[in-house]
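> quick one, what's the 3D model for this:
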Amino acid sequence: MPGFHFQMAAVGTFGLVGMLPGKGIRPGRPETMLNRSKPRPRALVVEDELLLALNLEQLVTGLGFEVVGPVGSLQDAARCAEKEPLDAAILDIQLQSGERVYPVADILLWRQIPHMFMTAHGCEGIEPAYAGIPLLSKPLQLVDLTLGLGRLLASDADDKDGPRDG
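Numbers count the residues shown, from 1 in each chain. Purely as a prediction, here's the structure:
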């Protein structure tokens with residue numbers, strides 16, 4: 001499966017909200033991305049930096065998702081990836097404990113749950129086995145997050161019955 005990669009200009013981590021002019025997608029308006037008559041898709045968020053995790057949770061919720069987490073440890077992330085019904089996941093590659101999130105990505109791949117990585121370190125250092133996974137660069141841009149989540153859901157369009165059970 002060919003991956004996609006986002007490159008973004010650094011404008012500040014919390015300068016994301018309300019950046020799109022006119023009728024752009026904004027947090028707090030889930031109808032802009034998802035059909036409100038269907039159940040909200042569930043997205044696992046793995047981020048170990050508290051402020052970033054809370055900001056990401058708010059943005060993802062504002063795009064119409066039910067957030068699982070955010071979780072900041074490899075152990076908690078693996079537990080959620082194994083057991084939670086999920087439609088998508090956003091994974092910070094490098095956790096503060098020095099652990100990398102690849103075991104969680106393996107679980108998601110096994111369960112066929114679409115996911116993307118995020119990192120502040122660019123694509124250098126990503127293990128070759130994971131090079132095809134979509135990548136968001138930090139600081140996140142709302143438009144890139146929106147496009148990334150939309151592509152994850154589109155890649156999973158064959159599953160019309162809701163989240164995959166654990």
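> tell me which element Ile90 is part of?
For Ile90, the enclosing helix or strand under DSSP states H and E is strand 88-92.
> now for whichever helix or strand comes after that strand, which elements pack on it?
Read in the C-terminal direction, the helix or strand following strand 88-92 is helix 102-110, with elements assigned using DSSP H and E. For helix 102-110, the helices and strands in contact under the criterion 3 or more CB pairs under 8 Å, 6 or more residues apart in numbering; DSSP states H and E are helix 74-83, strand 88-92, strand 115-119. For glycine as for every other residue, the C-beta is placed from the backbone atoms N, C-alpha and C.
> which parts of helix 102-110 are buried?
Buried residues in helix 102-110, counting neighbours by 16 or more other CB atoms under 10 Å, are found at Tyr102, Val104, Ala105, Ile107, Leu108.
> any idea of the angle it forms with strand 88-92?
Relative orientation of helix 102-110 and strand 88-92, computed by axes from the mean of the first three to the mean of the last three CA atoms, to 10 degrees: 160 degrees.
> give me the residues contacting stretch 104-118.
If you take CB atoms under 8 Å, 6 or more residues apart in numbering as the criterion, stretch 104-118 is touched by 44, 46-47, 74, 77-78, 81-82, 86-93, 101, 126, 130, 133-138, 140, 148, 152-153, 155-156, 164, 166.
> state the distance from the closest residue to Asp48 other than its chain neighbours to Leu51.
Distance criterion CB to CB, 6 or more residues apart in numbering; nearest residue to Asp48, sequence neighbours excluded, is Gly72 at 3.6 Å. Computed with CB to CB, to the nearest Å, the distance linking Gly72 and Leu51 is 12 Å.
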